[in-house]
Structures are given as C-alpha cells and as structure tokens.
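I'd like to go over a predicted model; first the sequence, then the structure.
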Amino acid sequence: MELLADNASLLAWRESAGPAVFVPTMGALHEGHAQLVRRGVALARASRLASAGCVVSIFVNPTQFNDPSDLARYPRTLEADLATCRAAGAAAVYAPSPADIYPPGQDIPVPPLPDVATRPALEDAHRPGHFAGVCQVVLRLFTLVRPAAAVFGEKDWQQLQVITAMTARERLGIEIIPEPTVREPDGLAMSSRNRFLSEHDRERALSLSRALKAAAAELSPAAAETAMRRVLDQAGVDTEYAVVRDAGTLLSVGRDTPASTGSLSPPAYRALIAARVGSVRLIDNAPWPG
Ligand code: PAF
C-alpha cells in the first residue's frame, strides 16, 4: 500500500496506476470505514474502469465543522488508520496537508448546495454551513483523485444524498456507491464519535437504534415520529430531530401516508435521527417502514 502524503505523489500515482475507486474519510477509522474500503476494493476488482484499486483519503476538513471545539477534539489516529486501510486491501492512502487541499492564496470553490442539503429541520438547521464545507472538500478531492467511483456510508444519509446530487449536477461522471451502516452487536451505529461516550452515555446512545426499530413497527410517519420521540425521551437524550422523510428528496411525507407500499421495491422513506447524548452528537437512520 502506498502512502501519498501530498498532491505531487497523488498525481504521480494517479498517472501510473489509472482510475481508482475512492473512499474519502476524515480518519479515526473504525469497522464501518473498513467496510467502505473493502467494498471499494471489491468494486475495483470487478470493474475494468478502476485499474488502480481502492484509494482512501484521510483529511480532517476544517470547513465542514461549524463548531470549533468539535474540530479541535476530532481524533487524529494516522498510524492506526493506515493499518486499517492496509488490512482492508487499499492500494493507496492519500493523506494531504491542509495546504494541499486549500493552497494559500487560492480560492477553492464552494459549489452551489443541492436543494436536498437545506431541507427544514435536518442537518443544515443544526449545523449551518456544514454541507457547504462537505461539498467544497468532496469536489476538491474528486478533482484531485479523479476516481471512477466513490463509496459513501449510509449512516450519513443526508450527506449521501447531497453528494449524489452534487456529483450529478456537476457532471463529474463519478459513480456514487452507498454502503450500509455497520453496527455494534447491540445496534449502536459505528461512528468516530462513539469513543467520546461515557459508559452511561453509551447505554443511552442505544436509544437511537431502538427508536428506529420502534418506528419500523408503526403504520404512518406521524406514528413513527411519535414512537421515536418516546424512546429518545425515555432515554433522556437531547433530540434534534426524529423524522420520517422521502428517502431521496428528504421532503416531508404526508402524516398519514400508509407504511406499506405493497410492492417489492425498496421502501421509499427513511427514518432519520440526530440527538445529543451528553456532549456527543450522534446521527442514525434506517429505511421506513423497516
Ligand atoms: O463523511 C465524512 O467523513 C466526511 O464528511 C467526508 C465525506 C470525508 C468529507 O470530509
């Protein structure tokens, strides 16, 4: 596995190896990321369009943090991350410096936000500016890496929709591949932030996946939202949102929309939660109905 520590090494590698499948990350890698990399490796093997294999980027992007203390405490674990990428079969890791991504004196464009980024009451309402930073860095990374395809986790469901929309609108010709959320055996969605949970808060954090399960059993979005709130309130977490939305547009769905579509197609709705558990902000989501 090659370590590409600056843009010059990335460009040289790209020239010799050809197009890759790309997994962008901010490091602090866990089993969920390892799964993204394994998916990227498998896709590259199966495709004639990605001769270079899978390349992972590790860059803690300052422009997507609306809370400076969140940025300051974001874990930096490069050595362990490299070991994770190697074990998962990555061909290369691109770990640029801030100056590689945001060269001093150069304006790195912030692409216009797709509509799905600013749906009321979701991420943008609680993290203003977050998706502008995500789109800026992902577009910059795409321009530098020029992958054939890129893998993103479904845990950040709204981010996945935003990047899919931006990639289509910018006509980048990059296939966006979603990868299901990896969970701990007790249901907690894997996240780099889980390491900050105290023992007591980790127990309370299970309320997110429990709330999604409770929602899945309900017959209308309104009932599902009430069920999620009940579980989250009982656990005493600070809920930012617990909603059912159209899975693709993230628009609200009718309060009494029936749960069953009666068809074999995947559910068109998604239950989405963000909650603060102690000082840790967690998000989770699942298809609705389950
Ligand atoms: O999902 C993440 O880890 C980040 O938002 C991403 C896509 C790597 C951009 O910094």
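Okay, I see it. Every value quoted in this text rests on a predicted model; they were computed, and no experiment measured them.

contacts, neighbours, all on C-alpha from now
Fine.

got the residues of the stretch 101-250 of the chain near the ligand?
134, 138 (Cα under 6 Å from any ligand atom).

Closest approach to the ligand from the stretch 101-250 of the chain, which residue is it?
In the stretch 101-250 of the chain, the residue that lies nearest the ligand is residue 134 (5.1 Å; Cα to the nearest ligand atom).

Enumerate every residue touching that residue.
Contacts for residue 134 (Cα atoms under 8 Å, 6 or more residues apart in numbering) come out as 61, 63-64.

What residues are bridge-paired with residue 241?
residue 274 (DSSP bridges).

Thought residue 120 was touching it, still the case?
No - using Cα atoms under 8 Å, residue 241 is not in contact with residue 120, being 10.3 Å away.

which one of those two has more residues nearby?
residue 241 (19 against 13; other Cα atoms under 10 Å).

Could I get the contacting residues of that one?
Applying Cα under 8 Å, 6+ apart, the residues near residue 241 are 121-122, 272-275.

which of those residues tops the neighbour count?
residue 272 (28 neighbours).

which residues in the stretch 1-150 of the chain form helices?
All helices of the stretch 1-150 of the chain, identified by DSSP state H, counting those that start in this stretch, fall at 7-17, 31-46, 68-73, 78-88, 98-101, 123-126, 130-145.

In terms of mean pLDDT, which of these ranks lowest?
Lowest mean pLDDT within the helices of the stretch 1-150 of the chain: helix 68-73, a mean of 92.

That one near the ligand at all?
No - judged by Cα under 6 Å from any ligand atom, helix 68-73 makes no contact with the ligand; its nearest approach is 11.7 Å.

Using neighbour counts, pick out the buried residues of that helix.
By neighbour count with 16 or more other Cα atoms under 10 Å, helix 68-73 contains no buried residues.

Residue numbering should commence at 552 henceforth.
All set: I'll call the first residue 552, so the last point we hit is now helix 619-624.

which residues touch it?
613, 616.

now it: how far from the chain's centre is it?
Remark: helix 619-624 is offset 18 Å from the chain centroid, using Cα atoms, centre = their mean, to the nearest Å.

ok, now stretch 643-656?
Per Cα atoms, centre = their mean, the centroid offset for stretch 643-656 relative to its chain is 21 Å.

what's it in contact with?
552-558, 561, 605-610, 633, 636, 659, 688, 691-692.

Tell me the spacing between the residue of the stretch 552-701 of the chain found nearest the ligand and residue 655.
Using Cα to the nearest ligand atom, the single residue of the stretch 552-701 of the chain nearest to the ligand is residue 576, 3.7 Å away. Look at residue 576 and residue 655: by Cα to Cα, to the nearest Å, they are 23 Å apart.

Would you mind confirming that residue 587 makes contact with residue 701?
No - contact criterion Cα under 8 Å: residue 587 and residue 701 do not qualify, at 9.6 Å.

Next up, the contacts around the residue lying closest to residue 773 once chain neighbours are set aside.
In space, residue 773 comes closest to residue 806 once its chain neighbours are excluded; the distance is 5.0 Å by Cα to Cα, 6 or more residues apart in numbering. Residues near residue 806 by Cα under 8 Å, 6+ apart: 771-773.

Any of these buried? List them.
Judged by 16+ other Cα under 10 Å, buried ones among the contacts of residue 806: 771-773.

With secondary structure as added columns, please give those residues in CSV.
Formatted as CSV, those follow (DSSP: H, G, I helix; E, B strand; the rest coil):
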residue, secondary structure
771, coil
772, helix
773, helix
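
hang on, the earlier thing: of the contacts of residue 806, closest to residue 735?
Distance to residue 735 across these (Cα to Cα) is lowest for residue 772, with 26.7 Å.

Might you report the residue contacts of residue 600?
By Cα under 8 Å, 6+ apart, the contact set of residue 600 is 570-571, 699.

Ranking by neighbours, what's the top pick from the residues you listed?
residue 571 leads the contacts of residue 600 on contacts (other Cα under 10 Å) with 28 neighbours.

Assess the claim that it and residue 602 are in contact.
Yes - applying Cα under 8 Å, one finds residue 571 in contact with residue 602, separated by 6.3 Å.

Mutual contacts of those two, please.
The contact lists of residue 571 and residue 602 share residue 595, where a contact means Cα under 8 Å, 6+ apart.

Now do the strands in the chain.
Along the chain, counting by DSSP state E, strands occupy 553-555, 572-576, 605-609, 643-645, 700-704, 726-730, 789-797, 820-828, 831-839.
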